[in-house]
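Visitor: Sequence and predicted structure, then a few things I'm wondering about:
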Amino acid sequence: MTERVVIVGGGTAGSVLSNNLADEVAAEIDAGDVEVFLVNDSEEHVYKPTWLYVPFGEKTPDDAKRPLDDLINRRVDLVIDRVSGVDTDAETVSFDGRRADLAYDHLVLAMGAQVTPEATPGLAEGGHHFYGPEATAELREALAEFTEGHLVMSVIGVPHMCPVAPLEFPLMADTWLRERGLREDVDITYTYPINRAHGIESVAEWAGPLMEARDIAVETFFNPERVDPDDQVVHTVEGRELSYDLLVSIPPHDGSDIVRDAGLGDDGWVDVDPATLEATDAENVYALGDIADLPTSKAGSAAHYAATSLADRLASVVRGERPTAEYDGKTVCFIESGDDEATYIAFDYEAEPTPKPPSKLIHWSKLGYNQSYWLTARGVL
Amino acid sequence: MSDTQLDADVTVNAVGSSCPGPMMDLIGKAKHVDPGTVIRLQSSNEGTEPDVAEWAEKSGNELIEVVDRDGHWDLYVRVND
């Protein structure tokens, strides 16, 4: 009997998993004992970290995309369609269109996170963000026209994609504005929801002095509940008001209604065992990447490392072996800090990161990795 | 303190979440409830109580009681105007 693995989502998590798993069970696929399906709602794979560079004219939205067909192992059946639901009792996946339901023996959910600026009244009209090809292109235009006033970078949604992006943007904007001779005419403020500049304590300790040195004001315990786009004011739960001329936010994020409707997680994120990535509320269902409710950041590297361990695990399962591979929460993030410098953090479920002093070498390593990422997506690196 | 007479209007279960998850879950809920609502935030993170106490003070809300349960804490927060 053929064991069928269905993977929903062709981002970093789904692509790395598909390629690693197809490589590990190549013989079983060739023998007809295993099938691997990858379902994605677009023919394109998107490398989202590229979007951060678009507002500064260093990348274009098209740089973030490659055809999935070029990246995915030929042994994987690629299905381009939008999943509309999951029935964990019948063990089937349904689709928006006319395609018949797809039965699975093992289902992996890797649909990523969605941004929902509309969840904060006035934010969609009054603010910009860089979490999408259109949004980041619009921000590029807004930044290009911005010559004076108050630039506010406000972290509204936590958890959010890429844990350090909110720090990177104002630091890169500071450099960008200085290079154009505009910095003296622009005030920059960074806001964060809790009582420090970042959720990870060691990162907050690293970022605080750096922000101060760059003359970036930091406002903490700042939780916007609405934005007034006409008066250009952010109003917070704490009763504070902050005027802006250009507002850039980390918008609220959401998981998926498919997850809620399937009873796999009330908040739209899949409740999982952090080590095995098995769904808490259904048999033979796994989740990884941003859609998984894991006690680590929603980062591409976390998706990558989780995918490699889940590939090992699923390879054992479909062979009828006892799976032993576990994900330890490993996450590695570069942090662009402006001035053509960067640092990085590495951490897991147990260990907090220790940011190193920024250097040009790490910045160029990051730019190099942006190119070699396509090897990661292929399951090579 | 190990027990309470308080009745919560809403419960937010953040047991197992790492920082700042519990705080963010509380703030997210506080955005959408009526003044006077008592939220019970359940957290197993020992940093949650001082963080919530500080946030409540700054935001005009009130941390009215903390109950030590087996393996987690229940933090009762009254959302004010």
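Guide: Now that the structure is in, tell me what you want to look at.
Visitor: Which parts of chain A are helices?
Guide: Ranges of helices within chain A are A:12-24, A:26-30, A:68-71, A:123-126, A:133-145, A:165-179, A:201-213, A:257-261, A:300-318, A:360-377, based on DSSP state H.
Visitor: other SSEs contacting the helix or strand bottoming out on mean pLDDT in chain B?
Guide: Across the helices and strands of chain B, mean pLDDT, DSSP states H and E gives its lowest value to helix B:21-30, namely a mean of 87. Judged by 3 or more CB pairs under 8 Å, 6 or more residues apart in numbering or on different chains; DSSP states H and E, helix B:21-30 is in contact with strand B:10-14, strand B:38-43, helix B:48-59, strand B:73-78. All C-beta atoms are positioned from the backbone trio N, CA, C, and that covers glycine.
Visitor: who touches it?
Guide: A:158-159, A:193-194, A:223, A:237, A:295, B:10, B:12, B:14, B:17, B:39, B:41, B:43, B:45, B:48, B:51-52, B:55, B:59, B:61, B:75, B:77, B:79 (CB atoms under 8 Å, 6 or more residues apart in numbering or on different chains).
Visitor: 6 Å instead, please
Guide: Residues from elsewhere that reach helix B:21-30 (CB atoms under 6 Å, 6 or more residues apart in numbering or on different chains): A:158, A:194, A:223, B:12, B:14, B:39, B:41, B:43, B:45, B:48, B:51, B:79.
Visitor: I'd say residue A:235 and residue A:223 touch.
Guide: No: judged on CB atoms under 6 Å, residue A:235 makes no contact with residue A:223 at a distance of 10.1 Å.
Visitor: Which one of these two is surrounded by more residues?
Guide: More crowded of residue A:235 and residue A:223, by other CB atoms under 10 Å in any protein chain shown: residue A:223, with 25 against 17.
Visitor: For the more buried one, which non-adjacent residue is closest in space?
Guide: residue A:237 (4.3 Å; CB to CB, 6 or more residues apart in numbering or on different chains).
Visitor: quick one: pLDDT of that neighbour?
Guide: pLDDT for residue A:237: 89.
Visitor: how about it, what does it touch?
Guide: Residue A:237 makes contact with A:223, A:225, B:31, according to CB under 6 Å, 6+ apart.
Visitor: now do residue B:38
Guide: Contacts of residue B:38 by CB under 6 Å, 6+ apart are B:8-9, B:76, B:78.
Visitor: Repeat that for residue A:202.
Guide: Applying CB under 6 Å, 6+ apart to residue A:202 gives the contacts A:352-354.
Visitor: Using PyMOL, make a named selection holding only the buried ones among the residues you listed.
Guide: The PyMOL selection below is limited to those of these classed as buried (16 or more other CB atoms under 10 Å in any protein chain shown):
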select buried, chain A and resi 353
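Visitor: now, among the contacts of residue A:202, which is nearest to chain B?
Guide: Nearest to chain B among these: residue A:352, at 10.2 Å, using CB to the nearest CB.
Visitor: Rebuild the helices and strands packed on helix B:21-30 as CSV, extending it with mean pLDDT.
Guide: Shown next, in CSV, are those (pLDDT from 0 to 100):
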stretch, mean pLDDT
strand B:10-14, 89
strand B:38-43, 95
helix B:48-59, 92
strand B:73-78, 96
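Visitor: what bridges to residue A:78?
Guide: Counting by DSSP bridges, residue A:78 is bridged to residue A:38.
Visitor: from the helices and strands packed on helix B:21-30, which stretch is densest packed?
Guide: Most buried of these, by mean neighbour count (mean count of other CB atoms under 10 Å in any protein chain shown): strand B:38-43, with a mean of 23.
Visitor: and the angle for that one with strand B:73-78?
Guide: 150 degrees (axes from the mean of the first three to the mean of the last three CA atoms, to 10 degrees).
Visitor: on that earlier part again, return the most buried member of the helices of chain A.
Guide: With neighbours taken as mean count of other CB under 10 Å, these reach their highest mean count in helix A:12-24, at a mean of 27.
Visitor: quick one: that one to chain centroid distance?
Guide: With CA atoms, centre = their mean, to the nearest Å as the basis, helix A:12-24 stands 18 Å off its chain's centre.
Visitor: Who is residue A:228 paired with across the strands?
Guide: Counting by DSSP bridges, residue A:228 forms beta bridges with residue A:233.
Visitor: circling back to that earlier point, now tabulate the contacts of helix B:21-30 in a markdown table and tack on distance to residue A:348.
Guide: Supplementary listing: the contacts of helix B:21-30 in a markdown table, determined by distance: CB to CB, whole Å:
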| residue | distance to residue A:348 |
| --- | --- |
| A:158 | 20 |
| A:194 | 22 |
| A:223 | 29 |
| B:12 | 26 |
| B:14 | 21 |
| B:39 | 31 |
| B:41 | 26 |
| B:43 | 21 |
| B:45 | 17 |
| B:48 | 21 |
| B:51 | 23 |
| B:79 | 36 |
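Visitor: Could you measure from residue A:44 over to chain B?
Guide: Distance from residue A:44 to chain B, counting by CB to the nearest CB, to the nearest Å: 32 Å.
Visitor: how near is the residue lying closest to that residue once chain neighbours are set aside to residue A:374?
Guide: Leaving aside its sequence neighbours, residue A:44 sits nearest to residue A:65 (CB to CB, 6+ apart; 4.5 Å). According to CB to CB, to the nearest Å, residue A:65 and residue A:374 sit 11 Å apart.
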